[in-house]
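Asker: Need coordinates for the below:
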Amino acid sequence: MSARPRTPAGVGAKRATPEAPDNRRADLVRVAARLFREKGFDGTTIRDIAHAVGMRSGSPFYHFASKHELLMAVMEEGLRLGLERTQHVLADATLPAAERFARLVRTQYGILHDTGSDFIPVMLYDWRSLPAQYKRRIIELKDRYDAIWQRTLDELHAQGLLRADPRLARLMILGAINFSATWYRAKPRAATRVDLDELAAQTVALVLHPV
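Answerer: Okay, the predicted model is just below:
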């Protein structure tokens, strides 16, 4: 996968110019992710994003043809980073399936809740705002991401460790983890505090038979 988000075929993002270098594009994607998460796609304007990056209101259009194209770039960056982190934690091919699954779960929580992890929550909140021509590229990346989970769940099922059908398990587990973006707080009241390690461990315990 390329090191930076790519524009799908047929989508006419404007190329960077000397007045608007590529690193400014990355700044726009990062800040847009934060603002879309905080205010929603509809509640955020290009002017808001440009102001937060220190640009003139029209400057983002050197990089993106529209706000929808910027939303696509945010989602694509989230999935790219997610794939990168997931592949990194699974680099050890000797890991047992149960340990691989535990790492997948913990990594997914981190993708949603670590500092600066605004990209995937934006995809969850604002998917319906993305036009169909932009969704194709995102679905392609998401399918690659899902396939990593499915291979591990299929292996757990074959070993008799999974409590559910592997395909349904993937949908339910990822759905439950992703929904935590709506309720989990990293610094809740002391009486209800739970860190991501504990949350991941409890998630694994819900779906796996004891090893």
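Asker: now for the helix ranked longest in the chain, which elements pack on it?
Answerer: Ranked by residue count under DSSP state H, the longest helix found in the chain is helix 132-158. The helices and strands touching helix 132-158, judged by 3 or more C-beta pairs under 8 Å, 6 or more residues apart in numbering; DSSP states H and E, are helix 67-89, helix 97-113, helix 166-179. For the C-beta atoms, the positions are set from N, CA and C on the backbone; glycine is no exception.
Asker: Which positions within it qualify as buried?
Answerer: Within helix 132-158, the residues that qualify as buried are 134-135, 137-138, 141-142, 145, 148-149, 152-157, counting by 16 or more other C-beta atoms under 10 Å.
Asker: close enough to count as contact, M172 and D165?
Answerer: No. The pair M172 / D165 is not scored as a contact, 9.5 Å apart, by C-beta atoms under 8 Å.
Asker: Now stretch 57-65: average pLDDT?
Answerer: Mean pLDDT, stretch 57-65: 89.
Asker: Give me the buried stretch members for it, please.
Answerer: For stretch 57-65, by 16+ other C-beta under 10 Å, it's 59-64.
Asker: Next, count neighbours for the closest residue in space to R85 that isn't next to it in sequence.
Answerer: When the adjacent residues along the chain are set aside, R85 lies closest to T107, with 5.5 Å between them (C-beta to C-beta, 6 or more residues apart in numbering). By other C-beta atoms under 10 Å, the residues close to T107 number 19.
Asker: tell me the contacts of T107?
Answerer: T107 makes contact with 85-86, 89, according to C-beta atoms under 8 Å, 6 or more residues apart in numbering.
Asker: Lowest pLDDT pick from the residues you listed?
Answerer: Lowest pLDDT among the contacts of T107: V89, with 86.
Asker: Was I right to think that residue contacts A102?
Answerer: No. At 9.9 Å, V89 does not count as touching A102 under the criterion of C-beta under 8 Å.
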